[in-house]
Structure formats: C-alpha cells, structure tokens
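A.B. asks: For reference, the sequence and a predicted model appear below.
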Amino acid sequence: MKQALCQLCCVSGMGEPLAFFDVLWQRINRLKRFIRRRVCYLHNFIFRRNRGGRMTTSSNIPGLIRVELKPGDKVRVRSREEIEATLNSWNQFKHCAFMEEMWPYCGTTQTVFKRVLKFLDERDYLVKKCSGMVILRDVICEGTRDFGPCDRSCFLFWREEWVERISDSNESSQ
C-alpha cells in the first residue's frame, strides 16, 4: 500500500510545465524588477538634494546647528523660510518629513517633551533607531488635509535643526 503524500509537496508537478520561453520571460522580468529596485534606491541615495541643488545637510545652511536638546528645554520653532531651506523636493530633511500640518507651529515657542531614539514604523512593524529628533509637548497631529480629522493624536517628530533652544532668564542669571 502506497503512503499518501501531502498535496503541497507535489503542487509543482500538478500543472503542465511551462514552455522554455515562458520560463525565460519570467526570469527576465524578475531580473528587471530587481535592477529597477536597486537603481531607484541608488538614485534616491545619491541624488537626495534640496530645491537649490545642494545636498541637504545641516552644514550647508548658515546658523543651522543641531543641539542636544533635553526634556523640558524651551525651544522656538524656526521660521518657515529657515525650515524650507533644509527641505528637499519631498519636504524631507534627513528622511524626516515636514508635514503640511506642522507649518502653523513655525515661530512659536514650545517645550521639548522627549528625545526620540527609537520608534515603531507601522508600515513594516519594525523598531527603528534615529537620532536628532524630538517630540514637543502638546504638539500633536489632529489629522491631515487629505484624510480629514483623526482622533489618534499622534506626536509629530521634529528635527533638532528645525528648532532652536531659548535661553531662560533664570539660567543666564546663575
């Protein structure tokens, strides 16, 4: 008596074999997709430039210095012009996007709530490390223009280059 095999083991033999050219086209298309993904990645990595044609690093923008901020520090969000000078054509600076909903906070005084060292990327559910980002107290996303209001109340990530520390009068007198 023959022992029954699991169907999963023999699925490849159930169908008709593909013609030689079908197999060849499948492999060619797979190779094209692989190359296209790598070329797009390299293009984005090499040509990640802002609107002025320069690389978006903090050294290119005068007066833009990243300071190690601590929770409780008073900061002023830089002006729209200063922030726009750091952004590339995708409104990003060092892979951190500046959302449309963040513009109203430009020029305001805020308090640092927390430094961001790791976060959960919900697109692929991986914990990712980061540096130079902070969360500001009471500055939350209330929804986007495209999707409408949202009750989730997510914190917005702010690059340290987008804010500047305000020296308190108490610190200067001591």
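C.D. replies: Yep, that arrived.
A.B. asks: from here on, contacts and neighbour counts on C-alpha atoms
C.D. replies: OK.
A.B. asks: Quick one: the strands in the protein, in order.
C.D. replies: Ranges of strands in the chain, per DSSP state E, are 74-77, 92-93, 96-97, 109-121, 126-140, 143-144, 148-149, 155-159, 163-165.
A.B. asks: What's the separation between G148 and M102?
C.D. replies: G148 is 15 Å from M102, where distance means CA to CA, to the nearest Å.
A.B. asks: Between these two, point out the one with more neighbours.
C.D. replies: The neighbour count for G148 versus M102, taken as other CA atoms under 10 Å, is higher for M102 (16 against 8).
A.B. asks: The more buried one: what's it in contact with?
C.D. replies: L156 (CA atoms under 8 Å, 6 or more residues apart in numbering).
A.B. asks: Check which helices and strands the lengthiest helix in the chain is in contact with.
C.D. replies: In the chain, with assignment by DSSP state H, the single longest helix is helix 20-46. Secondary-structure packing of helix 20-46 (3 or more CA pairs under 8 Å, 6 or more residues apart in numbering; DSSP states H and E): no helix or strand packs against it.
A.B. asks: just to revisit the earlier point, lowest-confidence stretch among the strands of the chain?
C.D. replies: Among the strands of the chain, strand 143-144 has the lowest mean pLDDT, at a mean of 82.
A.B. asks: So in that sheet, which strands flank it, and in what orientation?
C.D. replies: Its sheet considered, strand 143-144 pairs with strand 148-149 (antiparallel) by DSSP bridges.
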